[in-house]
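Peer 1: Okay, structure incoming, though there's no sequence with it:
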């Protein structure tokens, strides 16, 4: 007799299910919380955050910054590419695991939308670089998973921002379990390393991401080992990330980059 469990497909003929009902409960809840966050209103422009341009950052289950980006389209479009499985460079290169994103923070810059393109680009680049530097400073690794470092700009005071949780409390305990995170982090590292292998000619930034992801994996795995042995978690300084990847505040000149 065929299975009649929740995952069974042996149901009687009938109308096809809606597309929205097909994802797992976690994915549906994650997307609902993302939609809620993007539906909030920016107090400065009066527009919903999803319709604003600006800079964004993603954080993992430890509150550790993992990625900073910008958008001149709108947050809903750009972040959707990252977190809803739509195409983006970070997904195409397997740099960012959407399931590792537990929170996001948005810095709307809607007041820049009306500027001429060169001025708008320069202003958003400056905002992104300032957010990036803040992320680097607050990261225990002093490095995040950006393949491309934002253009060096004068640092500025950050404007009003909005930070949102994207994982329901009822589902967080399972999703943030160290064994699950170690497995996913190892898989992400394997995939981005495979991209470097298969394409061969990739940026130094992508190879830097491989190192940083390997450090993140080693740190989490070492913490799990220490816990299982009743020891204190190793200090992040046990691995000198800067010594491994070099300067993370500006891109280094590469041969052939003229």
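Peer 2: The structure has been received and is ready for your questions. Please read these numbers as outputs of a predicted model, since none were measured by experiment.
Peer 1: Report pLDDT for residue 82.
Peer 2: Residue 82 carries a pLDDT score of 86 in this model.
Peer 1: What's the separation between it and residue 34?
Peer 2: Distance of residue 82 to residue 34, given as CB to CB, to the nearest Å: 10 Å. C-betas here are computed from N, CA, C, even on glycine.
Peer 1: Where do the helices of the protein begin and end?
Peer 2: 25-39, 75-83, 89-92, 117-138, 169-175, 178-199, 204-228, 241-245 (DSSP state H).
Peer 1: For the stretch 1-150 of the chain, which residues score under the pLDDT cut-off?
Peer 2: Low-confidence segments of the stretch 1-150 of the chain (pLDDT under 70): 1-13, 85-93.
Peer 1: If you drop the residues flanking it in sequence, what lies closest to residue 45?
Peer 2: residue 110 (3.8 Å; CB to CB, 6 or more residues apart in numbering).
Peer 1: For the one you found, give me its contacts.
Peer 2: By CB atoms under 8 Å, 6 or more residues apart in numbering, the contact list for residue 110 reads 42, 44-45, 47, 52-54.
Peer 1: Identify those among those residues that sit within strands.
Peer 2: residue 54 (DSSP state E).
Peer 1: JSON lines for the contacts of residue 110, including distance to residue 72 and neighbour count?
Peer 2: Converted to JSON lines, these look like this (distance: CB to CB, whole Å; neighbours: other CB atoms under 10 Å):
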{"residue": "42", "distance to residue 72": "16", "neighbour count": "20"}
{"residue": "44", "distance to residue 72": "18", "neighbour count": "13"}
{"residue": "45", "distance to residue 72": "15", "neighbour count": "17"}
{"residue": "47", "distance to residue 72": "15", "neighbour count": "15"}
{"residue": "52", "distance to residue 72": "11", "neighbour count": "24"}
{"residue": "53", "distance to residue 72": "5", "neighbour count": "22"}
{"residue": "54", "distance to residue 72": "9", "neighbour count": "28"}
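Peer 1: In the contacts of residue 110, find the pair that's most separated.
Peer 2: Farthest apart among the contacts of residue 110 by CB to CB are 44 and 53. That separation is 12.5 Å.
Peer 1: Give me the common contacts of these two.
Peer 2: 108, 110.
Peer 1: Please report how far the residue lying closest to residue 188 once chain neighbours are set aside lies from residue 60.
Peer 2: Sequence neighbours aside, residue 97 is the residue nearest to residue 188 in space, at 4.5 Å (criterion: CB to CB, 6+ apart). As for residue 97, its distance to residue 60 is 9 Å (criterion: CB to CB).
Peer 1: And for residue 17?
Peer 2: Taken as CB to CB, the span from residue 17 to residue 60 is 32 Å.
Peer 1: What of residue 251?
Peer 2: 24 Å.
Peer 1: between these two, which one's more packed in?
Peer 2: Set residue 251 next to residue 60 and count neighbours by other CB atoms under 10 Å: residue 60 wins out with 21 against 17.
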